[in-house]
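Asker: Have a look at this prediction, sequence included:
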Amino acid sequence: MVTEAKRQIAFVVDLNKCMGCHTCTIACKTLWTNDKGMDHMWWMKVNTMPGRGYPKDWETMGGGYDGEGNLALGKEPGTEEYGRPMEFNYEEVFFGGNGHKAHLAPQESPGWGPNWDEDIATGEYPNSYFFYMPRLCNHCGHPACAEACPQKAIAKREEDGVVLVVDESACATCSDPLCMKGCPYKEVYRNPVRSAAQKCNGCLPRMEREVAPACVRQCPGRCIWVGFLNDAESPVYKLVKEWKVALPLHPEFGTRPHVYYVPPLASPRLDAEGNVDSSQPRIPMDYLRGLFGPEVDGAVGRLQEEIEKKRNKQDSPIMDVLIVRKWQELLGPFEKDPSEVQ
Ligand code: SF4
């Protein structure tokens, strides 16, 4: 199995800029998972953090590698964690002749679903907090999904590092979806109609035509970059490797993920009188360390220093990149408009 691609595709997401609009989610859903057996698939989704996420409690389902680098299979998410698509009383509301007496409402609670705990904050008022975290397949350097699959139906491409389902037909005879148990981010889904594993393909058919992935291109918050991590001139390289202000999520899972996050800073805490209390951050550093590892202290410190430079009218190349004055700066080498490649 390929573990070192010649070039590695990577994404950086600035959690200080994501506003939870879900445009990336809908762009991806419309393009890739709008078919039969794909209702529960959200290859891109925006979780409210801290939260239980999607699928529910994915962070504690296991998978990835243990401390010795051995594959550590976890749980396969089920209906309880995905929830079911909601049925609504469309007939009654639109054709029932009940006027204003009938209102649109779900007919049965699915118990859980994407965005179920959206915007629910943690902590005590006035210092409660939450932030949004877009999540997609990490196109890992050491993908546990591919490592776990005995059929070799998932592979990492040498030319760009994209992790792909390369042989859906091999899944047909599979009674134990080890790929789903192997991925600690729970980014592999099973399509019951096609009897196949399916996952984010990195918008490969677009990237091969120099068009950026839909989540990146459609993001109105200008918060997602794409590029090759080996390109020392690219924003993704600079943010991750040079400036070290973008970090992988749960590096302890051992898969060497290639989606990196600029950690959220949040507004300052307030004391009982409503005055700014700078003695500690609103989002506890322990929580951020649990997500991004110990490197997050350095990243947060650097970001605060750079913000201060801008406030003092000094140059800050880091902030200039993070501000994204022209949205095309997000697209890396995938600069073409989709209309150019029809
Ligand atoms: Fe595989 Fe999961 Fe890594 Fe994606 S995030 S490459 S599905 S192990």
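Answerer: Cool, the structure landed. Residues are numbered from 1 along each chain as shown.
Asker: ok, I9 touching E159?
Answerer: No: checked against C-beta atoms under 8 Å, the pair I9 and E159 is beyond contact range at 9.8 Å. Backbone N, C-alpha and C define where each C-beta goes, glycine included.
Asker: now the helices for this protein?
Answerer: Using DSSP state H, the helices of the chain run over 23-32, 79-82, 90, 144-148, 178-182, 204-207, 214-218, 235-237, 285-292, 296-311, 317-323.
Asker: and the residue of the stretch 151-300 of the chain found nearest the ligand, how many neighbours?
Answerer: For the stretch 151-300 of the chain, the residue positioned closest to the ligand under C-beta to the nearest ligand atom is C183, at a distance of 3.1 Å. Burial measure for C183: 35 neighbouring residues, criterion other C-beta atoms under 10 Å.
Asker: So for the residue nearest to A172 when sequence neighbours are not counted, what pLDDT did the model give?
Answerer: Nearest residue to A172 in three dimensions, chain neighbours excluded: S195, at 4.9 Å (C-beta to C-beta, 6 or more residues apart in numbering). Taken from the predicted model, the pLDDT recorded for S195 is 95.
Asker: ok, now C149?
Answerer: Turning to C149, the model gives it a pLDDT of 97.
Asker: wait, what's in contact with the residue of the stretch 151-300 of the chain closest to the ligand?
Answerer: Going by C-beta atoms under 8 Å, 6 or more residues apart in numbering, C183 touches 63-64, 143-145, 148, 255.
Asker: Please produce CSV containing these, extended by distance to I224.
Answerer: Listed next are the contacts of C183 as CSV, based on distance: C-beta to C-beta, whole Å:
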residue, distance to I224
G63, 24
G64, 24
P143, 21
A144, 24
C145, 22
A148, 28
T255, 20
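Asker: Between these, which sits nearest F95?
Answerer: C145 (45.1 Å; C-beta to C-beta).
Asker: What number of residues are in the vicinity of that closest one?
Answerer: When counting by other C-beta under 10 Å, one arrives at 30 neighbours for C145.
Asker: try V211
Answerer: Counted with other C-beta under 10 Å, V211 comes out at 21.
Asker: tell me which residues form a beta bridge with it?
Answerer: With beta bridges defined as DSSP bridges, V211 has these partners: E335.
Asker: For the remainder of this discussion, apply numbering that starts at 29.
Answerer: OK, 29 is where the count begins now, so the last one is V239.
Asker: Any idea which of the helices of the chain gets closest to S306?
Answerer: Closest to S306 of the helices of the chain is helix 324-339 (C-beta to C-beta; 10.6 Å).
Asker: ok, back up a step: more neighbours: which of I37 and E187?
Answerer: For the pair I37 and E187, the greater number of neighbours falls to I37 (27 against 11), based on other C-beta under 10 Å.
Asker: Give the buried residues for stretch 100-115.
Answerer: When neighbours are counted by 16 or more other C-beta atoms under 10 Å, the buried residues of stretch 100-115 are found to be 100-105, 109-111.
Asker: swap in stretch 234-245?
Answerer: Of the residues in stretch 234-245, those buried by neighbour count under the rule 16+ other C-beta under 10 Å are 234-235, 239-245.
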